[in-house]
Each structure stands twice: as structure tokens, then as C-alpha cells.
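J.: what follows is a predicted structure for the sequence shown.
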Amino acid sequence: MPVRVRYAPSPTGEPHLGNIRTALFDWLLARHEGGQFILRIEDTDQARYAEESVGAQMEALHWLGLDWDEGPDIGGPFAPYVQSERLEIYREHAERLIDNDRAYRCYCSTERLDRVRKELQARKQPPRYDRYCRSLTPDERATAEATGVAPVVRFKTPLDGETVTVDALRGDVTFQNDTLDDFVILKSAGFPTYHLASIVDDHLMEITHVLRGDEWLSSAPRHQLVYEAFGWDPPVFAHLSRILGPDKAKLSKRHGAHSVLHYREQGYLPDALINFLGLLGWSLDDRTEIISREEFVSHFDLSRALTNPAVFNAEKLDWMNGVYIRAMNPEEFAEAARPFLERAVGRTVDMGRLMPIMPLLQERVKLLSEIGDMADFFFVEGALEYTVESLLGKKFAEQPDAAAVALTRVAERVESVADWKHEALEAAIRPLAEELEMKAGPLFGLVRVAVTGRSAAPPLFETMAVLGREIVVERLNDALKRLPPNFS
RNA sequence: GCCCCCGUCGUCUAGAGGCCUAGGACGCCACCCUUUCAAGGUGGAGACCGCGGGUUCGAAUCCCGCCGGGGGCACCA
């Protein structure tokens, strides 16, 4: 039997790291086993449905290269893959459970339900349904029907005994049935709850492995019971650990629970994010940190997944992204970087202008979004923005005259360099330091600010070589003009 | 209140009785390289394996108890 794994997001919000990590594990398992990866939309909550969410989910998967074999957009042998289009199926199955005396209609109002729960809580009892409608007499049922209230369908949970669920990572987990209540499987509006829809779909779609967050572990016995009631074999369940924020609380917007599309905007590379997420709660061995998608696929093994929660380590993700950036070839990097640079300088930049500066930036950025700040001076027209203080730095702070002399002499040499290459520029300027009786560092620092507007930048002469003689001279002269007037 | 899960450096993790004086990675600190910033190299600090009992010649690894953290107890998934 082929392995079939599904990623079944509910379109209520953004595809954040936790969801996508589950999707990644789903995908890895399917690809490793040579099975199918299925995308299914669980939109059975009419109240929380968010229109743009389905598209965001698919875009996130696309961006990360997690391709699916069956899904709402491409169809498949078990279509439809959107639960709101399968209501009749759930209704029939709920009906079947009622006929088999494994479920019943419940007419209780939400007010009564709330009251019951509150009373139980006041008595320090677990808040749950009191099974009032489970034992309605035919007369009482007829009366309830006559009122016209739309009933829900509840599952008849065994009153005693225990239910053993099997978790692929934890082994048997046993629950006492008397801690479970009669949960709703079909809402009054005709929509199923997760407890019915996911079970019915997973069975009908021949899903073999269900990976989900461990917040589902406490619901596992319910699902086990539903499978048993239908006479079906349950799939393999694996409850994955949570991804936590730095404060060990649930990952929130404050520390990275953004949509993964947000990571794209920040300039993270899909391969880097895959690498990072794949190593959150899973490991290959005691030393592998950088691992390709292909290696993941060939080595992925569910049994090496961890059950303990993992804190999201943003610094490590950034480091890893830098590793991937440096591993790109120059063309790839330029293509990836261009949109970020264009956004920063506010106009289009052609590859011809871009390619020469790419090597200077590639080993200096961790995120593509840093490129704007780091390289905009290559494209800015007119005067740069910087202060005289930063231009003079520590070395020239007390002697602007010396800075003026240095800048003038550098400009002269720059004008006369025959072969406009960084080697020639260095050969022309480095000796100047000795002539001016100073070290090369401070001199270069002065020129660096004059030419780039900042004290930290790519190597000076390579930068000048790319900038071109005209701009370099212009910027040196501009720097000269900013120096305080010479009173001597 | 009840039920379930989890517990190795700050963080991600390796570890399935002796290979562990607990290994790797991020981050941090030095030093090297160096025109700045990065990158790279070398070294370092950092975990009494949550705590307490057992079992065993021997336990991070097995058992029990406790503590701490998290999750669930909806006509949400």
C-alpha cells in the first residue's frame, strides 16, 4: 500500500512556521516513501474562514518547493479536496453512526450547555456535556423535534473502559473513557466538526500517516473511537512537538509566527528555511547542520522526530541563510538580490550594473533584505548622506586640514590612474599613506566614507573600481567641500 | 479541578547501560587573517544530563515518586 500523507490546513489564518514545519515533514515522509502528498482544505469553520488564507497556504508551499500530488487546485482521484464541498459525505456518515447507535441527535441549547459547564466547573469537575440527550425517550425526542431547533449530532462515547491510541513517536497512550464526553461531530448548520470530517476524509482518501501538532494528542482517543465505530483501521498517527518562542511560550507574532511568506519578504531563501525547519524537532545525526532537500528526502525517518518542544532560534536561521546565500553562484545571487535592491533604490537595476558588485555583497549579507542598506551607494545619484564626524573619524577629528590634504592627494592619484582596476588603484593610493606619514588604515577609512558614505563597506578599491572614475572623483571633491574652512 | 504530553550547555541537538572526564551547531569571548565590515581559521567559556529515590559491578540512558513547563477538557481546528 502506497504511503499517502496529507497536509490539511484550515483556512483561518496565515501559514506560519508550525504549520509549515508539519507540511514539510508530511512532504518528506511522502517523498521518502515514494508515496503521495495531498493538500486538503479543512474549511468547516464558517465563522473563522479567511478568504485569502487558502491562497497563502498554497503560495507558501509553492515557494518552499513542497509540491503536492492531489489537491483543490489540481484535483485527484478523491476530489473534492475542500471539505465545504463534501458536506453530503459527512452527513451520510453521521447518519450511519446514528443508525448504528454510535451517535445521537442533541437538542440542547448553547445556553444550557454553558450552564452545565459552569456548574461542573464550580464543583471542580471537568467541564463537559452531561449527555442529557443521549437517553431521550421517543416522546421527548418528538417533542424536541417539534420545537424546530436544529440538532447537532453527538458521538456516543463509551461510559467506561479505556481507549488506547498509538502514537508513532510515543507508543501507546491510554485514556480512560470516563474522562471523555459526547463530542459534537455534526454541527446544527450541517457542517461537520474536525472529529468527523478529518476521520472520514482520511479514510476515504486512503491516508496512511497523519502528522499533526501535539495539541491534538488529547483528541486522539476520540478519533480512535470514531474509527472503531465505523469499523475502519486508523492510520499511523504522529503528534509532532510544538515550536515555541524564545520565551518558551507559544510562538507568537512578536517572535516569528509570521506567515512564511513574510520570511520570503525578509530575504530568506527557501532552501535555508527548509533546512532550518527540517532540523527543528528532527535530526539526521550528531553533526549534520547543512543538509540539502535531496538528502532530507533520502534520510527522512519519522522515528527520529522529537516529542519535546523546540524553541525557535532566529539567530541560527539567519546564520544558515547566510550559508545558503554564500553557496549560490553569482548569477543566482544577483537574480535573488535584484528585487531587494530595486526596492531600496526605487528604480530598476539591470544585471549588467548588478553583476560586478555582487561578489562584494554576497559574503556580507545574511538576509537579502540587507542588500539595500549595504549597496545603495552604488546607485545613488548626487551627494551621499553622511556626517563630517563620520568622515573624519577618530584619526582626523582634530586635524581636518590633514584630511583635506589626504583627500586632495587621493583625488589627484585617482584622476591619473591609467588602468581602472582595483589593483592599479591600490598601487596608486597605498604608497600615499607613507608619503603622508600615516598608516594605511586611517587613510583608507577616510576615503571609504567619502566614496561610500559609510564606515563599514565592501573593500575600498574593488568598490572604487566598480563605481568608476567619474563618480569617485566627484565624491572625493564633495567630501572636500564638507570639511570645515581652513583658517590657517 | 480532571486528563495527556514533555524535561541534556542561553538556544537547536547527539546520546537507545560501560565508547560520556557528556559530542556537534547557533550565539558569546579571545586570537589569527585584514584597509573597514563581513567571511574564513584557531582556541575558550558554557550542561552537577529538572530533583529525589531505587535496579545494576556500572545510568543522561531502565523503574518509581516529586517538581517544573506545555497542551486538552467548544456547534475551533
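T.: Perfect, thanks for sending it. Remember, it's a predicted structure, so these values are computed and weren't measured experimentally. Residues are numbered from 1 along each chain as shown, chains lettered A, B, ... in the order given.
J.: got the contact list for whatever residue of the stretch 51-200 of chain A ends up closest to RNA strand B?
T.: Among the residues of the stretch 51-200 of chain A, residue A:126 lies closest to RNA strand B, at 2.9 Å counting by Cβ to the nearest atom of the strand. C-beta coordinates here come from the backbone N, C-alpha and C atoms, glycine included. Shown in contact with residue A:126 (Cβ atoms under 8 Å, 6 or more residues apart in numbering): A:120, A:179.
J.: three-state assignment of it?
T.: Recorded secondary structure, residue A:126: coil (DSSP: H, G, I helix; E, B strand; the rest coil).
J.: can you give me the strands in chain A?
T.: Using DSSP state E, the strands found in chain A span residues A:4-7, A:36-39, A:103-106, A:152-155, A:162-167, A:171-176, A:184-186, A:209-213, A:236-240, A:243-244, A:310-311.
J.: which residues touch the fifth one?
T.: It stands for strand A:162-167. Applying Cβ under 8 Å, 6+ apart, the contact partners of strand A:162-167 are A:172-177, A:180, A:217, A:220-221, A:223-225, A:234, A:236-239.
J.: try stretch A:283-301
T.: A:25, A:28-29, A:31-32, A:65, A:271, A:274-275, A:278-279, A:282, A:304, A:306, A:320, A:323.
J.: can you pick out the most distant pair from those residues?
T.: Spatially, the most separated pair among the contacts of stretch A:283-301 is A:29 and A:323, at 25.6 Å (Cβ to Cβ).
J.: returning to that earlier point: which ones among the contacts of strand A:162-167 come in contact with RNA strand B?
T.: A:173-176, A:217 (Cβ under 7 Å from any atom of the strand).
J.: hmm, back to that, tell me the pLDDT of the residue of the stretch 51-200 of chain A closest to RNA strand B.
T.: Note on residue A:126: pLDDT of 85.
J.: circling back: any idea which of the ones next to RNA strand B among the contacts of strand A:162-167 is the one closest to residue A:344?
T.: residue A:217 (46.2 Å).
J.: could you check how far the residue nearest to that closest one when sequence neighbours are not counted is from residue A:371?
T.: Nearest non-adjacent residue to residue A:217, counting by Cβ to Cβ, 6 or more residues apart in numbering: residue A:239, 4.7 Å away. Shown here: residue A:239 relative to residue A:371, a distance of 40 Å by Cβ to Cβ, to the nearest Å.
J.: now residue A:285
T.: Look at residue A:285 and residue A:371: by Cβ to Cβ, they are 34 Å apart.
J.: and stretch A:146-154, anywhere near RNA strand B?
T.: Yes: shown here: stretch A:146-154 in contact with RNA strand B (Cβ under 7 Å from any atom of the strand) through A:150, A:152.
J.: break chain A into its domains for me.
T.: Chain A is divided into the following domains under automatic domain parsing: A:4-83+A:244-311, A:86-240, A:329-379, A:388-482.
J.: pLDDT of the first one, averaged?
T.: When you say that, I think you mean domain A:4-83+A:244-311. pLDDT averaged over domain A:4-83+A:244-311 gives 93.
J.: hmm, that domain in reach of RNA strand B?
T.: Yes: Domain A:4-83+A:244-311 lies within reach of RNA strand B by Cβ under 7 Å from any atom of the strand, at A:8, A:10, A:12, A:42, A:44-45, A:47-48, A:244, A:246, A:248-250, A:279-283, A:285-287, A:289, A:304, A:306-311.
J.: endpoints of that domain, how far apart?
T.: With Cα to Cα, to the nearest Å as the measure, domain A:4-83+A:244-311 spans 29 Å from end to end.
J.: now do the helices in the stretch 201-350 of chain A.
T.: Applying DSSP state H, counting those that start in this stretch to the stretch 201-350 of chain A gives helices spanning A:220-230, A:260-265, A:270-278, A:293-299, A:314-327, A:330-345.
J.: reformat those helices into TSV and put mean neighbour count next to each item.
T.: As requested, the helices of the stretch 201-350 of chain A are exported to TSV (neighbours: other Cβ atoms under 10 Å):
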stretch	mean neighbour count
helix A:220-230	20
helix A:260-265	19
helix A:270-278	22
helix A:293-299	15
helix A:314-327	17
helix A:330-345	17
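J.: save those helices as JSON lines, and put in distance to residue A:103 too.
T.: Formatted as JSON lines, those follow (distance: least, Cβ to Cβ, whole Å):
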{"stretch": "helix A:220-230", "distance to residue A:103": "8"}
{"stretch": "helix A:260-265", "distance to residue A:103": "38"}
{"stretch": "helix A:270-278", "distance to residue A:103": "39"}
{"stretch": "helix A:293-299", "distance to residue A:103": "41"}
{"stretch": "helix A:314-327", "distance to residue A:103": "46"}
{"stretch": "helix A:330-345", "distance to residue A:103": "54"}
